[in-house]
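Trainee: Everything below, folded, please.
(2 chains)
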Protein chains: 2
Amino acid sequence: MNTLVFDVNETLLDLAHLDPLFEDVFGSSQVRKEWFSQVILDATVVTLTDTYADFATIGVSAFKLVAARREVEVSEEDFGRVVAGMRSLPPHPEVDVQLKRLYDKGFKLVTLTNSPPAMVAAQLDNAGISKYFQQQISVDAVKAFKPAAKVYDHAASELSEDPNQLWLIAAHNWDTSGAIAAGWNAAFIARPGCRISSLDAQPQIVGSSLVEVVDELIKLKES
Amino acid sequence: MNTLVFDVNETLLDLAHLDPLFEDVFGSSQVRKEWFSQVILDATVVTLTDTYADFATIGVSAFKLVAARREVEVSEEDFGRVVAGMRSLPPHPEVDVQLKRLYDKGFKLVTLTNSPPAMVAAQLDNAGISKYFQQQISVDAVKAFKPAAKVYDHAASELSEDPNQLWLIAAHNWDTSGAIAAGWNAAFIARPGCRISSLDAQPQIVGSSLVEVVDELIKLKES
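Mentor: Next comes the predicted model:
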C-alpha cells in the first residue's frame, strides 16, 4: 500500500466554520447539518438523473431549498457567503500533524473530492495543506459525484493504479461504500455525526479519529 | 393524457403517523424528518453503488444510523415498529376524495413507489385507496431506486406507453426531476417541507396541495 486518496469536505476541513452563517440566516447553526445533507442528496440526484452541476452550484441551490422549506428569505449576498465559506474552511485541528506523519512515512497523498478543481485548489491552499498532496482529483472531469463508480474508476485511471492498491480515507459512509464497491480499500473516520450503517460495506479500517486511522495505516504499511 | 403515475410515501400517505415513534425513541418528532432524509439518501447511495436492498430494509438501517449518530440505544422491537409504521401510514386527509375525482373522470391511476411489492400492497390496502389503482409498480423489479432513469423506463414499459404520455405525481423534487429526465411529464405537490430547487427541471404542474394539482390535471384533460 502506498497511495492514500483523501476526501476533503468534512473529512479534512471543518464544516462548523459555516455555523455562524447559518446561525445568522436561520437562527440556528443546526440548519448547517440539514443543508449539507441536502447538498449530498442533491449531488446523488443530479448524478442519477444525469444533470450534473458543480458542487458550489449545488451548495447554493441546496441553501435556497432549505430557505424555501423554512420560509426564510435569502439574498444573493447570502449565496456569496455560502460559496466563500466553502472555499475557506479551516482544517480540523489534528489534520496538519497527521498528514505530515503520513507524508514523512513516504505515502503518496492525493485528494478526490466532489468540489470542482478551482474550488479544491483554493480550499487546500486556504487550509494550508496543499503541500502534502501530489495530485488533486475532482469529480468534475466525469460530471458525476461520489459514490458513483465512474468517479473512483476515473481516479484509479488518473493515478495509473489498480483499484485494489488504492485506499480512500473519508468521514462519509457513502464515500467508503462507493470506493469499496469500485474495488478499493477504505478507511473510515467516525467524526461526530458520521457513522457506518448496517447496509454499508465494512471499511478495512475504522477509527474514531484521524489519529487512530493514521496509526492503523502506518502499522499496515510497516507490517 | 390519460395515465397518472403516483408516488406513494409522503405524496399520498402521511409520514407524520410515525412521529409518536420518533418522539418516544428520540424525544423529538423532528427526528422523523432526519430519518426520512437519510432513507432517501441511502436509497440513492445503494443505487449508485449497485448494492440494492429493499426500502423496508433501508428504513431500518437508516433508523439504526440515526440512532448511532445520536447515541441512542434502539432495539429489535423498535425496528419492528418502524416497518409496521411504514406499512400502516394513513392517507393525507384530502387523498381519498381527490383520487375519486380523477378516477371518475376516467384517468388510469397507477402507483410507482420505492416500496417493495408486498409493502405497497399493504400500504394501499391499509390506507383504503387500493380501489383507485389499476396497477402497482415497484422499483424492486429493477433493483434500483428513484430517481434512476431505469425505474421510470421500467414503469413506461410495464404500462406499454411512451414516456411523453405519462405523468408522475409526487411531493418530492428528486422524483419529478427523475421523471422529467426520463422524458415524462410531472406534477409537483408542494406539501410542507417539500419544494422544487433551482437545479430541478420545472414540472409542468406545481400546486400547493393535491387539490390544486388535481384541478390542473382535470383542466388539462378536458382542454
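
Trainee: Now do the contacts for residue A:183.
Mentor: By Cβ atoms under 8 Å, 6 or more residues apart in numbering or on different chains, the contact set of residue A:183 is A:152, A:163, A:164. Placement of C-beta: from N, CA and C, glycine included.

Trainee: most surrounded residue in the residues you listed?
Mentor: Using other Cβ atoms under 10 Å in any protein chain shown as the neighbour test, the contacts of residue A:183 are led by residue A:152, with 28 neighbours.

Trainee: what's the closest non-adjacent residue to that residue?
Mentor: What sits nearest to residue A:152 in space, not counting adjacent residues and going by Cβ to Cβ, 6 or more residues apart in numbering or on different chains, is residue A:182, at 3.6 Å.

Trainee: what number of residues lie near that neighbour?
Mentor: 24.

Trainee: Which other helices and strands does the helix ranked longest in chain A contact?
Mentor: Determined from DSSP state H, the single longest helix within chain A is helix A:31-48. Applying 3 or more Cβ pairs under 8 Å, 6 or more residues apart in numbering or on different chains; DSSP states H and E, we find helix A:31-48 packed against helix A:19-26, helix A:55-69, helix B:31-48, helix B:173-181.

Trainee: Between these, which one is closest to residue B:104.
Mentor: helix B:173-181 (24.7 Å; Cβ to Cβ).

Trainee: residues in contact with the closest one?
Mentor: Here helix B:173-181 has contacts from A:41, A:45, A:48-51, A:65, B:5, B:7, B:40, B:44, B:146-149, B:151-152, B:166, B:168, B:170, B:185-188, B:194-197, B:200-201, B:203, using Cβ under 8 Å, 6+ apart.

Trainee: now the helices and strands packed on helix A:31-48 as CSV including mean pLDDT?
Mentor: Formatted as CSV, the helices and strands packed on helix A:31-48 follow (pLDDT from 0 to 100):
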stretch, mean pLDDT
helix A:19-26, 97
helix A:55-69, 97
helix B:31-48, 96
helix B:173-181, 98
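
Trainee: before we move on, the earlier item: in helices, which of the contacts of residue A:183 appear?
Mentor: Using DSSP H, the members of the contacts of residue A:183 that fall within helices are residue A:152.

Trainee: For chain A, which residues are neighbours of chain B?
Mentor: Contact residues, chain A versus chain B (Cβ under 8 Å from any Cβ of the partner chain): A:34, A:37-38, A:40-42, A:44-51, A:53, A:57-58, A:60-62, A:64-65, A:68-69, A:147-149, A:173-174, A:177-178, A:181, A:193-195, A:197-199, A:201.

Trainee: just to revisit the earlier point, of all the contacts of residue A:183, which comes closest to chain B?
Mentor: When the contacts of residue A:183 are ranked by distance to chain B (Cβ to the nearest Cβ), residue A:152 comes first, at 9.9 Å.

Trainee: Can you name the residues that contact that closest one?
Mentor: Residue A:152 touches A:112, A:146, A:163, A:168, A:178, A:179, A:182, A:183, A:184, counting by Cβ under 8 Å, 6+ apart.

Trainee: same thing with residue A:197?
Mentor: Going by Cβ under 8 Å, 6+ apart, residue A:197 touches A:173, B:42, B:61, B:62, B:64, B:65.

Trainee: Apart from its neighbours in sequence, what residue is nearest it?
Mentor: Leaving aside its chain neighbours, residue A:197 sits nearest to residue B:65 (4.2 Å; criterion: Cβ to Cβ, 6+ apart).

Trainee: you'd agree that neighbour is up against residue A:193?
Mentor: No: contact criterion Cβ atoms under 8 Å: residue B:65 and residue A:193 do not qualify, at 10.3 Å.

Trainee: neighbours of residue A:140, just the number please.
Mentor: Neighbour count of residue A:140, defined by other Cβ under 10 Å: 20.

Trainee: Same check on residue A:162?
Mentor: If we define neighbours as other Cβ under 10 Å, then residue A:162 has 10 of them.

Trainee: Report the secondary structure state of the nearest residue to it once chain neighbours are set aside.
Mentor: Among residues not flanking residue A:162 along the chain, residue A:156 sits closest, at 7.1 Å (Cβ to Cβ, 6+ apart). Secondary structure assignment for residue A:156 (DSSP: H, G, I helix; E, B strand; the rest coil): helix.

Trainee: ok, back up a step: return the subset of the contacts of helix B:173-181 lying in strands.
Mentor: The strands, defined by DSSP state E, take in B:5, B:166, B:168, B:170, B:185, B:186, B:187, B:188 from the contacts of helix B:173-181.

Trainee: can you count the residues close to the fifth one?
Mentor: If I follow you right, that is residue B:185. Neighbours of residue B:185 under the rule other Cβ under 10 Å: 21.

Trainee: Then the last one?
Mentor: Counted with other Cβ under 10 Å, residues neighbouring residue B:188 total 27.

Trainee: That one against residue B:204, yeah?
Mentor: No: under the criterion of Cβ under 8 Å, residue B:188 is not in contact with residue B:204, lying 9.1 Å apart.

Trainee: buried set for the longest helix of chain A?
Mentor: For helix A:31-48, burial by neighbour count (16 or more other Cβ atoms under 10 Å in any protein chain shown) applies to A:31-48.
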